[in-house]
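1. Just need the structure, nothing else, for what follows:
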Amino acid sequence: MSIKKTIAGAACDIVAMVRTRIELFGLEFNVETSRLFGMLGLASAALVCLLLSAVVFSILIIAYFWDTPQRLITIALLAAVYGVAGLCMLAILCRRLKFAARPFDATLQELNRDLQMLALFKHDAPAQQSEDMAERQGESLQDNSREMRRRSPP
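-> Next up is the predicted model:
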């Protein structure tokens, strides 16, 4: 085999590998974007409903205790309850953000596998090892695309 054919084959393989990684990144980006907007929409709707409910409930309680000497204590207790509830929700949000899955994790894994495969080529690995690595890479790409389809919202 001539050097031209070898270089052309390697270039084709590299271009195909880059194209596959870009497609995987695009798929993951779409999944993450739709997930984020879905969560933001749901959180916004829930927030509006809960705020309206809290306001109406607060007015009801204040109206009930208005003619009693405990009306200021009632208002203070309502404010304290809402403050504690807000702090609890903030703590839950911080915990979820801290332990959330890394976005684009599958793309990073594939790029790491590519680096490992290129390192094998750099150190003149036998042809069988490179074929095995390419086969594993194809299987992992199929697994990642199945996982992305499974995680994407309906």
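
2. Can you name the element that comes right after the helix ranked longest in the chain?
-> The single longest helix within the chain, with elements called by DSSP state H, is helix 3-65. Once the chain leaves helix 3-65, the next helix or strand it forms, by DSSP states H and E, is helix 71-98.

3. Summarise which helices and strands that following helix is packed against.
-> Applying 3 or more CB pairs under 8 Å, 6 or more residues apart in numbering; DSSP states H and E, we find helix 71-98 packed against helix 3-65. C-beta: built from backbone N, CA, C; applies to glycine.

4. Show me what the helix it packs on is packed up against.
-> Using 3+ CB pairs under 8 Å, 6+ apart: helix 3-65 touches helix 71-98, helix 105-122, helix 127-151.

5. Just the buried residues of the second one, please?
-> Okay, so that is helix 105-122. Within helix 105-122, the residues scored as buried using 16 or more other CB atoms under 10 Å are 106-107, 110, 114, 117.

6. Need these in TSV (columns: distance to Met17 and pLDDT).
-> Below are those laid out as TSV (distance: CB to CB, whole Å; pLDDT from 0 to 100):
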residue	distance to Met17	pLDDT
Ala106	15	75
Thr107	12	74
Glu110	9	78
Asp114	6	75
Met117	9	75
